[in-house]
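1. following is a predicted model, sequence given first.
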Amino acid sequence: MIGVDVGGTFTDVVAVRDGRIEVTKVPSDASDPATAVVEGARRLGVQGSAVFNHASTMGLNAVITRRLPKVAFLTTEGFRDILDRGTIRRPLDGQTDPAWRRPFGDAARPLVPRYLRRGVVERMLADGTELRPLDADQARRQLAVLRRCEVQGVAICLLNAYVNPAHEEQLRELTHEVLGDDVAVSISSETSPLAKEYARASTTVVDVLMKLIFGRYSASLDADLRALGFEGDLNFADCAATLLPWREALEKPFRIVFAGPAAGTISSTRLGAALGTGNLLCADVGGTSTDVSLVVDGAPFVNDTFEIEHDLIINALSTEVSSVGAGGGSIVSISPSGDVRVGPESAGSDPGPACYGRGGTAPTLTDACLLMGILDPGGFAGGEMHLDPALARRAFEALDTPLSLEQRVSFAYRIAVANIAEEVTNVAVRHGVDPRDFTLVAYGAAGPMLLPAALDLLQVARIVIPPHPGLFSAMGLLSTDLVYYESRSAYVVLSPESAAQVEEGYQQMERALRERLGAAADGVVARRSLDGRLLGQSWETPFVEVGDEPITAETMPALVERFHEAYERRYGNRFPYVPVQGVTYRVQLVVPADKIEHVARGAGDGAAPAPAPARTIGLHHLSDERLGAGEYERESLAVGAVVHGPAVIREALSTTFVMPGQVAEVGRFGEISIEQRA
């Protein structure tokens with residue numbers, strides 16, 4: 001089994017053969033992402049592998065940077081500005097700012113500029129009846145404009161098409177007739193047949209963009225892997241880190257716009273199960289950002305929508321992940337008020353931190369850790385890169401500030417740690433959990449280097465550094481299942497009278513899924529859920545379990561009761577006298593896949609002999625005087641070994657920094673647990 005996580009700075013590759021894990025890390029190439037993936041596959045060898053599971057932030061990065069193909073948007077006449085207005089919500093920091101603008105609006109950086117958003121004459125009512133037929137001649141005139149503009153794709157979202165798709169299907173035929181069969185087309189009634197026009201429209205636009213971004217890339221990647229001797233299944237991970245065969249994924253590619261952070265959460269959940277704890281705070285510190293997620297009672301939080309940017313909504317199941325712009329490549333700068341600032345800008349992989357010697361001149365957090373002595377100049381990225389302390393020092397000296405060099409480096413490190421700790425705390429507070437009851441899983445190449453320094457700020461029970469932390473998210477791709485799901489919307493009050501209508505909708509979705517899977521669906525149990533609300537509310541309570549039994553007039557009261565129980569768990573109130581309205585109905589078919597197993601290597605009771613450091617190194621800029629720290633190789637630490645800080649534990653693709661006053665112990669699965677001890 002092979003898992004690949006394509007990040008903005010590095011591409012992480014993990015292979016599992018006969019219970020043995022092999023890893024490698026390849027610098028990402030934004031201009032040709034497949035190059036790093038194929039190189040990683042070549043290094044580890046793909047011959048004989050049953051699966052090649054792939055996750056990428058390529059689509060997410062394309063949207064954020066607006067390096068997008070040219071696409072158009074067709075909608076009902078009079079509604080073309082729906083993409084500019086969004087939901088009209090402002091973030092808290094924009095409530096009183098008259099200059100605030102949506103990042104994707106016409107006044108900023110729209111995904112589809114206004115001249116490529118065209119209205120067509122038609123109107124379908126909310127109950128699916130046709131008020132005004134589609135004016136084919138007028139639609140052809142609009143399409144002729146798009147042909148002259150040489151668009152590569154078209155997103156179609158007509159009002160109420162989720163109830164009756166006839167006009168969208170007709171408009172798709174006209175689009176291919178005028179623009180040709182090579183133009184990518186997504187229609188909302190197939191892409192996201194859900195209520196709420198704006199979310200359906202933005203999802204459809206992102207879908208057609210992903211078709212163009214991933215289409216050629218996926219076919220090329222599959223061919224390149226076959227050329228290396230790969231004969232297994234190429235799967236893509238979606239935003240909840242579940243898998244789909246790549247051709248299936250490209251039918252609705254908005255679901256794979258990003259997957260890496262969710263894969264890290266799945267990997268943490270599997271490790272937590274092995275350790276016997278289901279309450280985890282997960283922090284993935286990469287080169288550009290820190291992604292934080294929460295696991296409660298062994299289950300991550302999964303939402304039915306997510307935002308790429310504020311108010312840029314995607315209707316897809318996704319693991320709830322919160323990000324802050326603090327990572328190894330975060331740029332250190334001086335604010336207009338003279339303060340040291342870390343992030344959110346990142347040096348990325350090209351040119352990268354100043355110490356890489358690739359032309360970067362801005363100081364980064366990696367440069368700070370190198371000057372502090374935490375990073376080994378000759379052992380970075382498994383020894384493939386040599387870091388230059390002189391270039392790092394020169395970058396910090398070039399900052400326009402009266403602070404001394406020691407203050408610049410020290411403040412940069414401490415501010416980055418505080419920023420990460422604040423985001424982790426915010427995630428805990430938003431969900432009303434006590435961090436003291438949770439274990440913090442620190443991974444990503446920079447996580448073990450930074451998060452132990454935040455232990456006294458976080459008040460968590462302990463910090464756990466998993467095996468292979470620099471590639472932990474990629475390992476999550478080998479810890480998940482293939483999941484096929486369909487969803488649709490219908491505003492129906494849940495009552496004995498509506499039971500047959502709801503049941504028929506579920507049966508139609510399940511039949512369609514089983515037809516897609518064919519023989520693979522044999523023996524697979526369908527999971528049903530719904531998003532419902534109290535009648536009159538404008539928001540839904542998601543993922544109410546429906547159960548396996550058919551929905552009938554007799555069983556409908558039990559379903560309504562399950563909604564009230566879910567509502568009370570989520571919001572703390574119960575209103576049994578208010579009717580319940582179903583909004584979105586969902587069916588999932590889960591096909592189990594082989595997974596990485598965490599195998600215990602010993603008791604892990606601290607009984608191992610005290611390890612001797614390979615050498616003693618000097619740490620600078622951490623306190624007023626130089627500190628001596630023991631340097632250890634992680635592979636040489638036996639189960640039960642205890643290391644007292646300050647200490648640096650090195651491995652091929654990551655570095656763990658144990659602060660003074662902390663104790664690190666190697667557990668029975670090879671994890672390192674760090675606690676604060678007086």
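-> Thanks, I have it. Numbering: from 1, shown residues only.

2. just the strands in the stretch 1-150 of the chain please.
-> Using DSSP state E, counting those that start in this stretch, the strands of the stretch 1-150 of the chain run over 2-6, 10-17, 20-27, 51-56, 71-76, 117-120, 123-124, 130-132.

3. centre of the chain versus the last one, how much separation?
-> From the chain centre to the centre of strand 130-132 is a distance of 41 Å (C-alpha atoms, centre = their mean, to the nearest Å).

4. for it, the averaged confidence score.
-> The pLDDT scores in strand 130-132 average 95.

5. need the contact partners of that strand.
-> With contacts defined as C-beta atoms under 8 Å, 6 or more residues apart in numbering, strand 130-132 is touched by 121, 122, 123, 124, 125, 164, 166, 167. C-betas here are computed from N, CA, C, even on glycine.

6. okay, and which of those residues map to helices?
-> 166, 167 (DSSP state H).

7. and the furthest pair within the contacts of strand 130-132?
-> 121 and 164 (16.5 Å; C-beta to C-beta).

8. got the buried residues for the one helix or strand residue 173 maps to?
-> Residue 173 is part of helix 166-179, with elements assigned from DSSP states H and E. Going by neighbour count (16 or more other C-beta atoms under 10 Å), the buried part of helix 166-179 is 166, 167, 168, 170, 171, 172, 174, 175, 178, 179.

9. output that helix as PDB, restricted to C-alpha atoms.
-> Extracted C-alpha coordinates of helix 166-179, given in PDB (Å, rounded to 0.1, in the frame of the first residue of the first chain):
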ATOM      1  CA  ALA A 166     -34.900  19.500 -16.900                       C
ATOM      2  CA  HIS A 167     -33.800  23.000 -17.800                       C
ATOM      3  CA  GLU A 168     -30.200  22.400 -16.600                       C
ATOM      4  CA  GLU A 169     -29.900  19.200 -18.700                       C
ATOM      5  CA  GLN A 170     -31.300  21.000 -21.700                       C
ATOM      6  CA  LEU A 171     -28.800  23.900 -21.200                       C
ATOM      7  CA  ARG A 172     -25.900  21.400 -20.900                       C
ATOM      8  CA  GLU A 173     -26.800  20.000 -24.300                       C
ATOM      9  CA  LEU A 174     -26.900  23.500 -25.800                       C
ATOM     10  CA  THR A 175     -23.500  24.300 -24.200                       C
ATOM     11  CA  HIS A 176     -21.900  21.300 -25.900                       C
ATOM     12  CA  GLU A 177     -23.700  22.100 -29.100                       C
ATOM     13  CA  VAL A 178     -22.300  25.700 -29.200                       C
ATOM     14  CA  LEU A 179     -18.900  25.300 -27.400                       C
END
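
10. which strands and helices sit next to it?
-> helix 136-148, strand 153-157, strand 184-187, helix 188-191 (3 or more C-beta pairs under 8 Å, 6 or more residues apart in numbering; DSSP states H and E).

11. most tightly surrounded among these?
-> Of all the helices and strands packed on helix 166-179, strand 153-157 carries the top mean neighbour count, a mean of 28, counting by mean count of other C-beta atoms under 10 Å.

12. now the angle from that strand to helix 136-148?
-> 150 degrees (axes from the mean of the first three to the mean of the last three C-alpha atoms, to 10 degrees).

13. and strand 153-157, C-alpha only, in CSV?
-> Provided in CSV are the C-alpha atoms of strand 153-157 (Å, rounded to 0.1, in the frame of the first residue of the first chain):
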residue,chain,number,x,y,z
GLY,A,153,-15.5,25.2,-18.8
VAL,A,154,-19.1,26.2,-17.8
ALA,A,155,-20.9,25.9,-14.5
ILE,A,156,-24.7,25.8,-14.7
CYS,A,157,-26.9,26.6,-11.7
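
14. now do that strand: distance to the chain's middle.
-> Taking mean C-alpha positions (C-alpha atoms, centre = their mean), strand 153-157 and its chain are 25 Å apart.

15. what number of residues lie near residue 25?
-> Here the number of neighbours of residue 25 (other C-beta atoms under 10 Å) works out to 26.

16. list the beta-bridge partners for it.
-> residue 12 (DSSP bridges).

17. and it, how far from residue 53?
-> 17 Å (C-beta to C-beta, to the nearest Å).

18. just give me the neighbour total for residue 66.
-> Residues within reach of residue 66, counting by other C-beta under 10 Å, total 12.

19. thought it was touching residue 113?
-> No. Taking contacts as C-beta atoms under 8 Å, residue 66 lies outside contact range of residue 113: 10.8 Å.

20. which residues are in contact with each of these two?
-> Counting by C-beta under 8 Å, 6+ apart, nothing touches both residue 66 and residue 113.

21. coming back round to it: can you redo the strands of the stretch 1-150 of the chain as TSV with distance to residue 291?
-> Listed next are the strands of the stretch 1-150 of the chain as TSV, based on distance: least, C-beta to C-beta, whole Å:
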stretch	distance to residue 291
strand 2-6	12
strand 10-17	14
strand 20-27	18
strand 51-56	12
strand 71-76	28
strand 117-120	32
strand 123-124	40
strand 130-132	46
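
22. quick check: which of the ones you listed is buried the most?
-> Most buried of those by mean neighbour count (mean count of other C-beta under 10 Å) is strand 2-6; its value is a mean of 28.

23. so what touches that strand?
-> 11-16, 28, 33, 36-37, 40-41, 44, 46, 49, 51-58, 259-260, 263, 471, 473-478.

24. that one pairs with which strands, and in what direction?
-> Assessed with DSSP bridges, strand 2-6 is paired to strand 10-17 (antiparallel), strand 51-56 (parallel).

25. got those as JSON lines, with mean pLDDT and distance to residue 281 columns?
-> Compiled in JSON lines, the strands paired with strand 2-6 are given as follows (pLDDT from 0 to 100; distance: least, C-beta to C-beta, whole Å):
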{"stretch": "strand 10-17", "mean pLDDT": "86", "distance to residue 281": "21"}
{"stretch": "strand 51-56", "mean pLDDT": "90", "distance to residue 281": "21"}
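
26. residue 344 falls within a strand, correct?
-> Yes. Counting by DSSP: H, G, I helix; E, B strand; the rest coil, residue 344 is part of a strand.

27. can you pull the contacts of it?
-> Contacts for residue 344 were tallied using C-beta under 8 Å, 6+ apart; they are 289, 324, 325, 326, 330.

28. sticking with the closest residue to the second one other than its chain neighbours, tell me its helix or strand.
-> On the basis of C-beta to C-beta, 6 or more residues apart in numbering, the spatially nearest residue to residue 324 that is not a chain neighbour turns out to be residue 423, at 4.1 Å. Under the criterion DSSP H and E, the helix or strand holding residue 423 is helix 405-430.

29. so which of the buried residues of helix 166-179 comes closest to residue 90?
-> Closest to residue 90 out of these is residue 168 (31.4 Å), distances taken as C-beta to C-beta.

30. wait, doesn't residue 35 sit right on residue 29?
-> Yes. Counting by C-beta under 8 Å, residue 35 touches residue 29, with 4.9 Å between them.

31. what residues are up against the spatially most central residue of the chain?
-> The residue lying closest to the centre of the chain (C-alpha atoms, centre = their mean) is residue 261, at 3.8 Å. By C-beta under 8 Å, 6+ apart, the residues touching residue 261 are 284, 291, 293, 319, 321, 323, 473.

32. check which helix or strand it maps to.
-> Secondary structure assigned from DSSP H and E places residue 261 in helix 260-275.

33. what does residue 673 give?
-> Per DSSP H and E, residue 673 falls inside strand 672-676.

34. how about low-confidence regions in the stretch 1-150 of the chain?
-> Within the stretch 1-150 of the chain, no stretch has pLDDT under 70.
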